[in-house]
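1. Mind folding the following:
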Amino acid sequence: MATTVTLEKCGHNVGYRGLDNCRFCPGSHCCVEGGPECLDSVIDMDQVCKRVSDLDLDVLVTISKDAGRYLCDFTYYTSLYESHGRSAFVHVPPLGKPYSAQQLGRALQAIIEEMLNVLEHSESNINCHNEH
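-> As a prediction, the model looks like this:
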């Protein structure tokens, strides 16, 4: 369970062995058969994290390269695959553990704004290296 607001950098295709709430797990243990092992977001999460952290919002924002090989990672990988990397995933801690709704709201708004700024300024450099 997240204790910080965590920006996920990438999604993973293989290694899914746990059952979801409906007791389902893909037989191939992967999201997309024949898909790349790992897909990165075209959004520079390190830059987003630094910019949001510099705003001093009293919320710790961190980076992760592993969303957990469960529903979160499966959803993120699939989104990255379908959008050619133009996707984001943010893990958020439960309300009150340790942040209030207001703190999380301000942090998420800042994160989304920074992601859009980063995308706007880097779109000309994105050559969709996540083609499939």
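
2. Touching the single longest helix found in the chain from outside, list them.
-> Ordering each helix of the chain by length in residues (DSSP state H) puts helix 101-122 first. Identification of contacts with helix 101-122 by C-beta atoms under 8 Å, 6 or more residues apart in numbering yields 5, 7, 42-44, 47-48, 51-52, 55, 57-59, 61, 86, 88, 90, 92-93, 95, 99. Heads up, the C-betas are built off the backbone N, CA and C, glycines and all.

3. Where does pLDDT dip in the protein?
-> 123-132 (pLDDT under 70).

4. got the contact list for the residue most central in space within it?
-> By C-alpha atoms, centre = their mean, the chain has its centre lying nearest to F89, at 2.4 Å. Contact analysis of F89 by C-beta under 8 Å, 6+ apart lists L7, E8, G11, S41, A67, C72, T75, Y76, S79.

5. before we move on, what about C25?
-> So C25 contacts Y16, R17, G18, L19 (C-beta under 8 Å, 6+ apart).

6. Taking those, tell me the two that lie furthest apart.
-> Spatial extent of the contacts of C25 (C-beta to C-beta) is set by the pair Y16 and L19 at 9.8 Å.

7. Would you agree H91 is in contact with T3?
-> No: the pair H91 / T3 is not scored as a contact, 9.6 Å apart, by C-beta atoms under 8 Å.

8. more neighbours, the two?
-> In this view H91 and T3 are compared by other C-beta atoms under 10 Å, and H91 has more residues nearby, 18 against 13.
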